[in-house]
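Visitor: for reference, the sequence and a predicted model appear below.
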Amino acid sequence: MSDLFDQAPDAIPDTAPRPLADRLRPKTLAQVIGQEQVLGAQAPLGVMLSSGSLSSLIFWGPPGVGKTTIARLLADETDLHFVQISAIFTGVPELKKVFEQAKHRRANGQGTLLFVDEIHRFNKAQQDGFLPHMEDGTILLVGATTENPSFELNAALLSRSQVLVLERLSLADLERMAQRAEAELGRALPLDGPAREALLEMADGDGRALLNLIEQVAAWQVDGKLDTEALTTRLMRRAAKYDKGGDEHYNLISALHKSVRGSDPDAALYWYARMLTGGEDPRYLARRITRMAVEDIGLADPQAQTVCLHAWETYERLGSPEGELALAQAVTYLALAPKSNSGYAAYKAAMREAKKTGSEPPPKHILNAPTKLMKDQGYGDGYAYDHDAEDGFSGQNYFPDGMTRPALYQPVERGFERELKKRLTYFSKLRAQRS
């Protein structure tokens, strides 16, 4: 039984022109560059192969790091028939045909490794369709995704698969790939040292992108070696991978937030710039920066929130790109400000107490009594007007009767909260004296 899904992608006449990336495709797993954390002898795939027990897998990683290649080589190493489909172009009728062919092969004694590219693009019902065929051994599923599987794939599918994270290639990995490409081409690239490094950086961790760039450079007719300026004039820098609604968005805002919290203005400015160059909306950044001031600085520097709001307002008045400088200055201010989450922690603790105590009323002595009936009920009886008290502090109880007084706000010994802590200690002593 034959079908377009059974056609081997390398079943092409040897005389046909082939892209460099295809010519350099590894023939064995040992030839794969990078991904030691997955392929090493003690890594997940290394252990699976040595034990002869390969499970269904989900490869999660950026483009151009070897997901398809590794899947194909796994099929070779385990004598499974390799079938590749893309979730973008495959519907339910095609999936049924794939499963029927896999059943036919299984009946003839051969297993099927089904590689599904962009598997996260299948909806829930389509993902559920894989489950019975995985469970009865008709297919061994290897899915590839650039999106976080925790958010994009069904729990049932994840429970039957092992998620392996493939990482963007390092500059050292890309250099090895460049050397392999030069050996295949039979000549060195016409680049000096800095230009060669710039070429590797342009690939942004994507091996396929690097080989495409190398193929372009190798086709140039030049005398001598090009420098970085000549290279960047001839080649357009590859756009940074950034999806405003995907993992990169959340990863980078997390990096920015934690750099601010960690009092590192250089790292904070770097991640801020990374998000801007990726196309992030500065208004989103303004909102998140203001949140950082409230959450991580709070009363240790009450001015921090004002700085953020003024920067936000400045951006709204100036627009891009000038207004982005005001936000950058706010980021720098926050990174260097004293840090405290005491206000944030106190708020969460107060919310827990409020939920726990339910509908407990305030004590009667702090209730207003605008009517005679309310006065007769004791509303306002015994209330001590703080301005009439010594030091302007009565020390009365303001929590519900019978409720143990909680200590919600715990200021730190940093910034302005040092002063607040002194005041809190002072009032606590007065309260103890006058209770």
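Guide: Now that the structure is in, tell me what you want to look at. Residues are numbered from 1 along each chain as shown.
Visitor: the nearest residue to residue 203 once chain neighbours are set aside sits in which helix or strand?
Guide: Leaving aside its chain neighbours, residue 203 sits nearest to residue 210 (3.6 Å; criterion: Cβ to Cβ, 6 or more residues apart in numbering). In short, each C-beta sits where N, CA and C put it, glycine included. Element membership for residue 210 (DSSP states H and E) is helix 207-218.
Visitor: how far off centre is that helix?
Guide: Taking Cα atoms, centre = their mean, to the nearest Å, the mean C-alpha location of helix 207-218 is offset from the chain mean by 28 Å.
Visitor: ok so, going back, enumerate every residue touching the residue nearest to residue 203.
Guide: Residue 210 sits next to 64, 169, 174, 177, 178, 199, 200, 202, 203 when contact means Cβ atoms under 8 Å, 6 or more residues apart in numbering.
Visitor: and the fourth one, what element?
Guide: Just to be clear, that refers to residue 177. Residue 177 belongs to helix 171-185 when assigned by DSSP H and E.
Visitor: need the next SSE after that helix, C-terminal direction.
Guide: As assigned by DSSP H and E, the chain's next helix or strand after helix 171-185 is helix 193-202.
Visitor: so which bits of that following helix are buried?
Guide: Judged by neighbour count using 16 or more other Cβ atoms under 10 Å, the buried positions of helix 193-202 are 195, 196, 198, 199, 200, 202.
Visitor: grab the nearest non-local neighbour of the fifth one.
Guide: Across the structure, with Cβ to Cβ, 6+ apart as the measure, the residue nearest residue 200 apart from its sequence neighbours is residue 174 (4.5 Å).
Visitor: these two touch, right, the one you found and residue 202?
Guide: No - in this structure, residue 174 is not within contact of residue 202 by Cβ atoms under 8 Å, at 9.8 Å.
Visitor: returning to what we had before: and the buried residues of helix 193-202, which is closest to residue 89?
Guide: residue 202 (29.4 Å; Cβ to Cβ).
Visitor: how far away is the closest one from residue 137?
Guide: Separation of residue 202 from residue 137 (Cβ to Cβ, to the nearest Å) stands at 44 Å.
Visitor: now do residue 348
Guide: 49 Å.
Visitor: could I get the buried residues of helix 193-202 in a markdown table, plus columns for pLDDT?
Guide: What follows is the buried residues of helix 193-202, written out as a markdown table (pLDDT from 0 to 100):
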| residue | pLDDT |
| --- | --- |
| 195 | 92 |
| 196 | 94 |
| 198 | 91 |
| 199 | 93 |
| 200 | 92 |
| 202 | 88 |
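Visitor: the residues you listed into a markdown table, with extra columns for distance to residue 228?
Guide: A markdown table is the format used below for the buried residues of helix 193-202 (distance: Cβ to Cβ, whole Å):
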| residue | distance to residue 228 |
| --- | --- |
| 195 | 5 |
| 196 | 9 |
| 198 | 5 |
| 199 | 9 |
| 200 | 12 |
| 202 | 11 |
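Visitor: for stretch 273-286, buried residues please.
Guide: 274, 275, 276, 278, 280, 282, 285, 286.
Visitor: just the mean pLDDT for it, thanks.
Guide: Averaging pLDDT along stretch 273-286 gives 90.
Visitor: distance of the residue most central in space within the chain from residue 257?
Guide: Centroid-nearest residue in the chain, with Cα atoms, centre = their mean: residue 251, separated by 3.1 Å. Distance, residue 251 to residue 257, by Cβ to Cβ: 11 Å.
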